[in-house]
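1. got a predicted structure plus its sequence, pasted below:
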Amino acid sequence: MFGGENMNCEYELYKPSWCPGCGNYMIRDALKKALEDLEISPSKVVLVSGIGQAAKMPHYIGLNGFNGLHGRALPPAIGIKMSNKDLTVIVESGDGDTYGEGGNHFIHTIRRNVDIAHFVHNNQIYGLTKGQGSPTTALGQKTTLQFDGVKLNSLNPLALSLTMGAGFVARGFSGDVEHLSNLMKEAILYRGYAHVDILQPCVVWNKVNTFKWYKDRVYTLDEDYDYTDFENAYKKSLEFGDRIPIGILYKVEKETYDQKFPFVENGKPLAKAELNPIKAQKLLEEFY
Amino acid sequence: MDYSILIGGAAGQGIETVVELLEKIIKRAGFNIFTYKDYMSMVRGGHNFMQIRFSENEIFTYCNEIDFIFAMTDETIARHRHRVKSGGIIICDENFEDKDVVKLPFVKLAKELGNNKVLGTIGVGFITKYFGIEYDIAINTIETVFKDRNVELNLAAFKAGYEIGESRFKLESLEDHKILINGNQALALGAIAAGVKFYCGYPMTPSTSVMSYISKHANEMNIVVDQVEDEVAALNMALGASFAGVRAMTGSSGGGFALMVEALSLAGIMEMPIVLFNAQRPGPATGLSTRSEQADLRFVIHAGHGEFPKMVIALRNPEDAFYQTTRAFNLADKYQIPVILLTDEYLADYEMTVNPFDFSKISIDRYISDENEIEDGRYKRYKYTDSGISPRLVPGIGKEKLVLVDSHEHNEYGNIDESIETRVNMMKKRMKKLESLKDEIEEPEYIGCENPEYLLVGFGSTYGAIKESVSRLNSQDDKFGALIFGDVYPFPMGKLNSYAKKAKKIIVIEQNYLSQLKSLIDEYTDIKVDKSILKYDGRAINSDDIIQELNKFLSNYTI
């Protein structure tokens, strides 16, 4: 059984349609481990996603799930968290979903600083639609659509969220499940919007950013790295070439969105509110 | 008695404040009020005007003829002079060059009082005297309206205006027991009464005042109000809130509503209860931002890709806006569908006196199941049932059951399923709800004689204009009746079919070019509509317009 006192989560429910060797399997393993380690009952977790290969996660894991529209994972996650603050809300979606179709929501979710953890599966390509360039595909990379190479500059997700004021900015790698799982735990425990960009290979459609490509480049930030130093974090966020840092780049405490609503912060979850029309009757007075 | 006062000027001259004060004074003197607002999409300049109509009888729309004009600009006089009844007057400042007007020292008096912003209040003093409205009521009203800002100054300004005036009428005060409210305020109040806990939206005229009204009361009523980045976020966010178990709402005008259409379809397949509204303004695209039309009828009925059950309710007047909004939340919860409230700029902005809303008549029915009632080991969010409605759980409220909702075609658990069997069964399950919804549908309101020769048919905000037309027409010749639709989708046909049988001529009245209501009648019935009276100039139709058009049509017909 799920939840309750028994924390043995029965996660495997459905056979994933991911390709063998896909980074999504490792990301799922890391998520499971993080939730089990944190001993959060699955019934108190909502996993929200958009559309794409990464976004199928709610079907392959035993949690509450909201598998919405392409690019639109963040808005429902905000609605859920604000309506029931007792829920742990996690968003999982891909690079195209988050940084392309959902770019506007990404920016404004950072501004709100809602208490959610956002895990972006970034394989630098469109997987489900078969190999087109994504916002994080490198300039010049040839794809199944950009035959002469991608002509748009690539988007730097971590520099973007940092400069927009995110209080928790991190990068993980699907090839290091233990490290990724710890990052996820930190992100879930963090009070506020936590952005974790997760590098993962797409074994079918991205022949440039392969497992080996990432493996050769990623390195873990030192233990004495000061993640409260914004300028340092910004420099690290620009490092994406021969060497790519993984770990928490930036983490500071910030007032969250729900803390700005006194009745949310101090009251019971809105989803448990008792509704009574008579309570609104006093509002008629101003119309007399 | 039935008088209309027009106050006109440029944006930024404070017409709104003058009207607010004058309305309150007239209302507290016990009269029924209908205030029509005509404004341009400008912050400064242009020509804006408002018309306060008042009467001891019930009134439902505005009139073309005016008894009194208070002009703050020359343009007001130029544009509206021809509308003044014989015996009516136009007042303006003594420095205006216009002829045949009553010139008064507004600017001079305001200067003496040391503040040119009180010019409007001086006018209110003059108007109060002119109509012979009870002086003490006016004084008390000023004291309450301006209680925190310059009350002494405004009292002095009012008295200055009162002193230079002369009484033409003497209106005996009546008992004041009504409220003065507009359609957007009534809609917002309905949502709050229904227990909305999450409202999000993006500012767009004429929908914005719903959000600002709810926002004003958000803390005391414990409602999260979020001004979103765009309307795409709005409906997706509201759906998230609904999933989590609260009553959620969003709304916009046509262009913003268009951005919500993708997520409307999401609500359809997820079977997520949601209430949203479209306050129509004339399109296409930006169209006329601050004006009114009813051209989104077909658009909202068909909004959303794919086929799924939904309901569309056209709001007819402020009272209807309040009660139908509360009903919409119950229907959305009961059938787990989107319910769309269709309103427009006219209804959003006009103010009228109505009986106070009866909150004890409102019920809140959530139709959310308890985890212990669920027999299946693994919860089926989309369990097949006879009604097509599956028992609904919300996440995190119970201890064990998990809730999975999905935008793909899915099986009973909510998992992606592309099989032919599941697709067909799920389509039938969802669409079955559209059938049972037909039992919930309210027939249009009928007004007029029981066996009408001429049947007028309209929907939504033309209610007042049509109602008043029928009563004016029947006072001369008792042959008219009218059906005014509130519920428009699914389309109710009972009363329409029965009254259409009795009538010789059927005339549809609506504010669009294509006669979209007629096209619904064509689609769902065998009734032949004889005439469409259409108005798509962005200005609300009133009973003067309707009777004029009807007379043209009927005189041709009798010839």
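-> It's in.
2. so who does residue 219 touch?
-> Reading this off chain A. Contacts for A:Tyr219 (C-beta atoms under 8 Å, 6 or more residues apart in numbering or on different chains) come out as A:243-246. Where C-beta positions appear, they are placed from N, C-alpha and C, glycine not excepted.
3. oops, chain B please
-> B:Asn219 sits next to A:262-263 when contact means C-beta under 8 Å, 6+ apart.
4. going by secondary structure, it is in what exactly?
-> Secondary structure here is read from DSSP states H and E; on that basis B:Asn219 sits in helix B:218-221.
5. over to the residue in the stretch 151-300 of chain B positioned nearest to chain A. Which of the three states is it?
-> Closest to chain A within the stretch 151-300 of chain B is B:Gly240: 2.8 Å, counting by C-beta to the nearest C-beta. Using DSSP: H, G, I helix; E, B strand; the rest coil, the structure places B:Gly240 in helix.
6. filter the contacts of A:Tyr219 to the buried ones?
-> A:244-246 (16 or more other C-beta atoms under 10 Å in any protein chain shown).
7. in JSON lines, list those residues along with secondary structure.
-> Converted to JSON lines, these look like this (three-state DSSP):
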{"residue": "A:Ile244", "secondary structure": "strand"}
{"residue": "A:Pro245", "secondary structure": "strand"}
{"residue": "A:Ile246", "secondary structure": "strand"}
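8. reformat the residues you listed as CSV; add distance to chain B.
-> Compiled in CSV, these are given as follows (distance: C-beta to the nearest C-beta, whole Å):
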residue, distance to chain B
A:Ile244, 30
A:Pro245, 30
A:Ile246, 30
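9. now name the helix or strand holding the residue with the largest distance to the centre of chain B.
-> Within chain B, the residue lying farthest from the chain centre (C-alpha atoms, centre = their mean) is B:Gly377, at 46.7 Å. Secondary-structure element containing B:Gly377, defined by DSSP H and E: none, the residue being outside all helices and strands.
10. so what does it have for phi and psi?
-> Dihedral angles of B:Gly377 (phi, psi; degrees, to the nearest 10) stand at phi -60, psi -60.
11. so what's the spatially closest residue to B:Lys27 that is not a sequence neighbour up against?
-> The shortest distance from B:Lys27 to any residue that is not its chain neighbour, by C-beta to C-beta, 6 or more residues apart in numbering or on different chains, is 5.1 Å, and that residue is B:Leu180. Each residue near B:Leu180 by C-beta under 8 Å, 6+ apart is listed here: A:287-288, B:23-24, B:27, B:33, B:351-353.
12. what is the nearest of those residues to B:Gly125?
-> Distances from B:Gly125 to those, taken as C-beta to C-beta, are shortest for B:Lys24 (14.2 Å).
13. show the model's pLDDT score for the nearest residue to B:Asn278 once chain neighbours are set aside.
-> Counting by C-beta to C-beta, 6+ apart, B:Asn278 lies nearest to B:Phe257, which is 4.3 Å off, once chain neighbours are set aside. pLDDT for B:Phe257: 98.
14. wait, doesn't B:Phe257 sit right on B:Val300?
-> Yes. Distance between B:Phe257 and B:Val300: 7.2 Å, which falls inside the contact criterion (C-beta atoms under 8 Å).
15. the more surrounded of the two?
-> Of the pair B:Phe257 and B:Val300, B:Phe257 is the one with more neighbours under other C-beta atoms under 10 Å in any protein chain shown, namely 28 against 24.
16. in three-state terms, label that one for me.
-> helix.
17. go through chain A and flag its longest helix.
-> The single longest helix within chain A, with elements called by DSSP state H, is helix A:23-38.
18. if I look at A:Ala194, how far off is chain B?
-> 18 Å (C-beta to the nearest C-beta, to the nearest Å).
19. which residues of the stretch 151-288 of chain A lie near chain B?
-> Listed as neighbours of chain B in the stretch 151-288 of chain A under the rule C-beta under 8 Å from any C-beta of the partner chain: A:261-264, A:267, A:270-273, A:275-281, A:283-284, A:287-288.
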